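Asks: predicted coordinates and the sequence they were generated for:
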Amino acid sequence: MVPGPPKAAHEKKGIPVKPHGEVSAVRWKREQERAAGGSNTRGVPGAAAASGACPDRVIPPPTLHSAPAAATRCSVDGLRLLLQGVGREDMAGEKKVFGFEEVAGHNVTKDCWLIIAGKVYDVTSFMDEHPGGDEVLLAVTGKDATNDFEDIGHSESAREMMEKYLIGEIDASTIPVKRTHVSPQQVPSNDKGDDMLIKILQFLVPILILGLAFAIRQYTKSE
Ligand code: HEM
């Protein structure tokens, strides 16, 4: 068996090292600059091919996950690079915008997406763990669940937990407009004759009662 390369001091101490092939932001930038100048072909597929280097050895730009390690190792220059662009680009790249219909289609226990505050969450793996139960989550699929979520008064830790399930944003223009309450229309009465009769009776009945009372009085007086 061929012995591997000698281990670095921190490796011996058990401190994890990045797998071979991952690069820090600064190193990646330096290599990109070199590649642009023609002295180094890593990271530039075309140049690599032209120089006869293995095209598989194209090194991708550093991801957010490789950033912290880079920050500890590198100079102020590296930090500036991290803060200025790399992380932001990565975050923007991951953001996905979904249409309402697409999200609404994920409405079963084994595939459940929610819309809360303009964001889309895939809570499928959370269904069994949700302290409020899976039924409540299922019940708010296919709609904007923001109010339902807020009405519960979820804790800060619940809100932090949400990040784990975030998969993108909802295209607000695709959310169906909420139906406002429409009061039932007044059914127009067809029987106008009935209305008229009631009005006449309302007028006549008191007069008749008065007349009757007057007649009785006259009658009793004459006796
Ligand atoms: C990704 C989304 C969600 C996460 C991460 C989440 C997480 C949690 C957590 C951690 C709790 C325990 C109490 C707390 O810490 O606040 C909880 C309770 C609860 N949640 Fe959610 N929740 C989510 C969405 C929803 C939605 C959309 C509803 C819809 C109505 C809901 C209804 C409830 C109910 C009814 C309880 C029980 C409250 C109680 O027993 O006092 N949750 N949720």
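Replies: That came through, no problem.
Asks: use CA for all of it now, contacts and neighbours both
Replies: Will do.
Asks: pull out the buried positions in the longest helix seen in the chain.
Replies: In the chain, with assignment by DSSP state H, the single longest helix is helix 192-222. By 16 or more other CA atoms under 10 Å, helix 192-222 has no buried positions at all.
Asks: going forward can the numbers begin at 12, since that is how I track them
Replies: All set: I'll call the first residue 12, so the last point we hit is now helix 203-233.
Asks: remind me what it packs against, helices and strands.
Replies: The helices and strands touching helix 203-233, judged by 3 or more CA pairs under 8 Å, 6 or more residues apart in numbering; DSSP states H and E, number zero.
Asks: quick one: residue 108 and residue 155, what's the gap?
Replies: 15 Å (CA to CA, to the nearest Å).
Asks: with residue 165 instead?
Replies: Residue 165 is 16 Å from residue 155, by CA to CA.
Asks: of those two, which one has the most company?
Replies: residue 155 (22 against 10; other CA atoms under 10 Å).
Asks: how close does that one sit to the ligand?
Replies: The spacing between residue 155 and the ligand, counted by CA to the nearest ligand atom, to the nearest Å, is 9 Å.
Asks: what about the residue nearest to that residue when sequence neighbours are not counted, which SS state?
Replies: Leaving aside its chain neighbours, residue 155 sits nearest to residue 126 (5.2 Å; criterion: CA to CA, 6 or more residues apart in numbering). Three-state call for residue 126 (DSSP: H, G, I helix; E, B strand; the rest coil): strand.
Asks: what does this protein have sitting close to the ligand?
Replies: By CA under 6 Å from any ligand atom, the residues of the chain that approach the ligand are 132, 134, 141-143, 147-148, 156, 159-160, 163, 165-166, 168-169, 172-173.
Asks: select only the buried ones of those residues in PyMOL?
Replies: Typed into PyMOL, the line below selects the buried ones among these, using 16+ other CA under 10 Å:
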select buried, resi 132+134+148+156+160
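Asks: filter the residues of the chain next to the ligand down to just the ones in strands.
Replies: residue 132 (DSSP state E).
Asks: domain assignment for this structure?
Replies: By the assignment in automatic domain parsing, the chain contains the domains 26-105, 111-185.
Asks: can you name the residues bridging to residue 177?
Replies: Beta-bridge partners recorded for residue 177 (DSSP bridges): residue 132.
Asks: can you list the low-confidence ranges for the protein?
Replies: 12-105, 190-191, 193, 196-201 (pLDDT under 70).
Asks: quick one: the helices in it, in order.
Replies: With DSSP H as the criterion, the chain has helices spanning 20-23, 36-48, 56-62, 78-84, 87-92, 98-105, 111-115, 145-150, 157-163, 167-173, 203-233.
Asks: burial measure for residue 111, as a count.
Replies: Residues near residue 111, counting by other CA under 10 Å: 20.
Asks: run through the residues that contact it.
Replies: By CA atoms under 8 Å, 6 or more residues apart in numbering, the residues touching residue 111 are 153, 181, 182, 185, 186.
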